[in-house]
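Chemist: What follows is a predicted structure for the sequence shown.
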Amino acid sequence: MLKYAIVFAIIALIAGALGFTGVAAASAGVAKLLFGLFLVLALIFVVLAALGVGAAKKMID
């Protein structure tokens with residue numbers, strides 16, 4: 001997902017440099033959305049991993 005966010009950000013930069021402002025704005029919006037979704041999912045997985053490690057330690061002990 002982060003890969004696609006970077007791709008859309010690059011498309012937005014190139015389109016903006018070439019004067020395609022509509023395409024640049026749309027690509028930038030998609031890139032922001034994907035990056036935000038990536039951050040939320042990454043945070044959720046970090047929290048779940050931290051909770052999972054604690055649960056596994058309790059079961060071992």
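Modeler: Cool, the structure landed.

Chemist: so how far is the helix-or-strand element of the chain with minimal mean pLDDT off the chain centroid?
Modeler: None of the helices or strands of the chain scores lower by mean pLDDT, DSSP states H and E than helix 21-60, at a mean of 87. How far helix 21-60 lies from its chain's middle: 6 Å, per CA atoms, centre = their mean, to the nearest Å.

Chemist: What is it packed up against?
Modeler: With contacts taken as 3 or more CB pairs under 8 Å, 6 or more residues apart in numbering; DSSP states H and E, helix 21-60 sits against helix 2-18. To be clear about C-beta, it is placed using only N, CA and C from the backbone, and glycine gets the same treatment.

Chemist: So which residues make contact with the helix it packs on?
Modeler: By CB atoms under 8 Å, 6 or more residues apart in numbering, the surrounding residues in contact with helix 2-18 are Thr21, Val23, Ala24, Ala25, Ser27, Ala28, Val30, Ala31, Leu34, Phe35, Phe38.

Chemist: Now render those as JSON lines, adding distance to Phe45 and neighbour count.
Modeler: Output for these, formatted as JSON lines (distance: CB to CB, whole Å; neighbours: other CB atoms under 10 Å):
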{"residue": "Thr21", "distance to Phe45": "36", "neighbour count": "10"}
{"residue": "Val23", "distance to Phe45": "32", "neighbour count": "15"}
{"residue": "Ala24", "distance to Phe45": "31", "neighbour count": "18"}
{"residue": "Ala25", "distance to Phe45": "31", "neighbour count": "13"}
{"residue": "Ser27", "distance to Phe45": "27", "neighbour count": "21"}
{"residue": "Ala28", "distance to Phe45": "26", "neighbour count": "17"}
{"residue": "Val30", "distance to Phe45": "22", "neighbour count": "17"}
{"residue": "Ala31", "distance to Phe45": "21", "neighbour count": "20"}
{"residue": "Leu34", "distance to Phe45": "16", "neighbour count": "19"}
{"residue": "Phe35", "distance to Phe45": "16", "neighbour count": "17"}
{"residue": "Phe38", "distance to Phe45": "11", "neighbour count": "15"}
